[in-house]
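Peer 1: can you look at this prediction? I've put the sequence above it.
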Amino acid sequence: MPGDEVYELYIDALTPTTISMARLAEYMADFAELLGHQEHVHFEAVKPGSLSLASRVEPIAQNKVRRRVDEVRYGNGPRAAVKAYQSLDNRLAEDNAVGRIVHRSAKVIEFPGRTRVQERSMGPVEQAGTLDGEVIQIGGRDETINVHLKAGDDVVHCITTKAIARRLAHHIFGPPVRLSGVGMWSRAESGKWSLRSFTVRDFETLDQTPLPKLFENLRAKLAPGPNGRPNPVTFLRELREEQ
């Protein structure tokens, strides 16, 4: 339609006649997620030759889509858009292809696909660390107890002893906790690290004081007292003692 802008996803090793409908749908879904604002972004056409998926963006969303694409190009876009970029590049590598997104005849994003450097898989590697999240499940029948921790959008499976599990049970579905212990990590050929297991050795509850309240408390501590401003050395010592 007049005024719409067009973004095209080019894939060099595939054509409209060689790609399966299911695979085409996967590429289209990732492309739509990368562009975002789907109520104002519409499928335009599959062009002949090397596979080219064209989409058109209504004027109302053009600035937002352009900014989203720029952010993805520099690796700091919204999580869903960056994930869509990674998914597209993985699909291209699987299909022995490379790709690019073109807007106004300019390459705005390139996908290395088959040409990207492949790293060797590695692991498992043992690493001490911590996990923050909400305890959503505890259970088990032997000496090893399973603990499920909701950390953001992910659910992490951990194991621990009965003694720690009994203490953790008081915090299930409660405020977030910090689990400390040892994780087993492995790295795929794509370079992505995955946590295979985590053994909980101890935990602590996390302070849920809102950030504005923290600043309010800090300002109160920095306010001049009856004898003027506090000694900075004494102030830092008091802060450490509160930890």
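Peer 2: Structure's in. What do you need? Quick caveat: nothing in here was measured; it's all calculated off a predicted structure.
Peer 1: for the host helix or strand of residue 71, buried residues please.
Peer 2: Taking DSSP states H and E as the definition, one finds residue 71 inside helix 62-73. Buried residues in helix 62-73, defined by neighbour count with 16 or more other CB atoms under 10 Å: 62, 65-66, 68-69, 72. No exception for glycine: its C-beta is placed from N, CA and C like everyone else's.
Peer 1: quick one: strands adjacent to the longest strand anywhere in the chain?
Peer 2: Looking across the chain with DSSP state E, the single longest strand is strand 122-139. The strands beside strand 122-139 in its sheet (DSSP bridges) come out as strand 145-151 (antiparallel), strand 177-187 (antiparallel).
Peer 1: give me the contact list for the longest one.
Peer 2: Just to be clear, that refers to strand 177-187. Around strand 177-187, the neighbours that count as contacts under CB atoms under 8 Å, 6 or more residues apart in numbering are 119, 121-135, 147, 149, 158, 160, 168, 171, 193-206.
Peer 1: and if you look at stretch 70-89?
Peer 2: 9, 27, 30-31, 33-34, 36, 68, 99, 108-109, 111-113, 116.
Peer 1: now residue 40. Nearest residue, chain neighbours left out?
Peer 2: In this structure, residue 40 finds its nearest non-sequential neighbour in residue 61, 3.7 Å apart by CB to CB, 6 or more residues apart in numbering.
Peer 1: do I have it right that the one you found meets residue 41?
Peer 2: Yes - judged on CB atoms under 8 Å, residue 61 makes contact with residue 41 at a distance of 6.6 Å.
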